[in-house]
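Peer 1: Show me the folded form of this:
(one chain, ligands or ions: 1)
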Amino acid sequence: MIQVNKIEPSFFTKKKKVIKNPKQPDSWSQISDIRSDLREHILSSEQDLMCIYCEKKISSDKNKSNIDHFKTRKLYPELSFEYSNLLVSCNSSNHCSYIKDSLPLTKEDYKNIINPIDKDVNESFSFAEFGDIIANNDKAESTINTFSLNHKSLTEERKTIIRNFEAFKDFEEEILVDAFNGHVNLIKYLKNNKN
Ligand SMILES: [Zn+2]
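Peer 2: Down below sits the predicted model:
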């Protein structure tokens, strides 16, 4: 999970002002004309083109990524247009927003899930040599489960990076993130532990 600082872009602020009944979940369809620009903006200026949850590089194509309401519109309709609640997730059916939204989460459950805008994101997770994300606290554990961040497809990808890292460890972080298709926190972790 990537920690983000969110700054609402002016085109979204402007658009929000003309939304009718913004606190109703289905009002979201009223921004369909700027949704693609919004997805592109969040992905490129805040998430370095990575899925906020699994950290895989993704494109802003609607078949590859979606604007995820971290706090679902169903439970928190009042946050439908709250910019800090809008994150870009990959479209995988095995992990990330798809899994979170398929769970019967309650407001109580949300108290025990780390939000990417929280300050304690980075210290909550580390990595094991077989590619698993390790939870450093209870909240991190339920976050991993909510987004299925240790799905086999992800641990296999991380394991490949870990096994091949030695030969590439002296490259800049940015180059490694491009070369390894994302996974910025794993790369930071490996750089800190192997240099
Ligand atoms: Zn993802």
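Peer 1: Indicate whether stretch 140-151 makes contact with the ion.
Peer 2: No: with CB under 5 Å from the ion as the criterion, the ion is not reached by stretch 140-151; the gap is at least 7.5 Å. For glycine as for every other residue, the C-beta is placed from the backbone atoms N, C-alpha and C.
Peer 1: what's stretch 179-189 in contact with?
Peer 2: Stretch 179-189 has contacts (CB atoms under 8 Å, 6 or more residues apart in numbering) with 1-2, 48-51, 54-58, 122, 125-127, 157-158, 161-162, 168, 171, 173, 176-177.
Peer 1: Can you select the buried ones among these for me in PyMOL?
Peer 2: A single PyMOL command selects the buried members of these (16 or more other CB atoms under 10 Å):
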select buried, resi 1+2+48+49+50+51+54+55+56+57+58+125+126+127+157+158+161+162+176+177
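Peer 1: Just the contacts of stretch 179-189: which are in helices?
Peer 2: Counted as lying in helices by DSSP state H, out of these, are Asn122, Glu157, Arg158, Ile161, Ile162, Glu173, Leu176, Val177.
Peer 1: Excluding chain neighbours, give the residue nearest to the residue positioned nearest the centre of the chain in space.
Peer 2: Taking CA atoms, centre = their mean, the centroid of the chain lies closest to Ile52, which sits 1.6 Å from it. Spatial nearest neighbour of Ile52, chain neighbours left out: Leu87 (4.4 Å); criterion: CB to CB, 6 or more residues apart in numbering.
Peer 1: in a helix, that's where that neighbour is, yeah?
Peer 2: No: per DSSP: H, G, I helix; E, B strand; the rest coil, Leu87 lies outside any helix segment and is strand.
Peer 1: distance of it from the ion?
Peer 2: Separation of Leu87 from the ion (CB to the ion, to the nearest Å): 10 Å.
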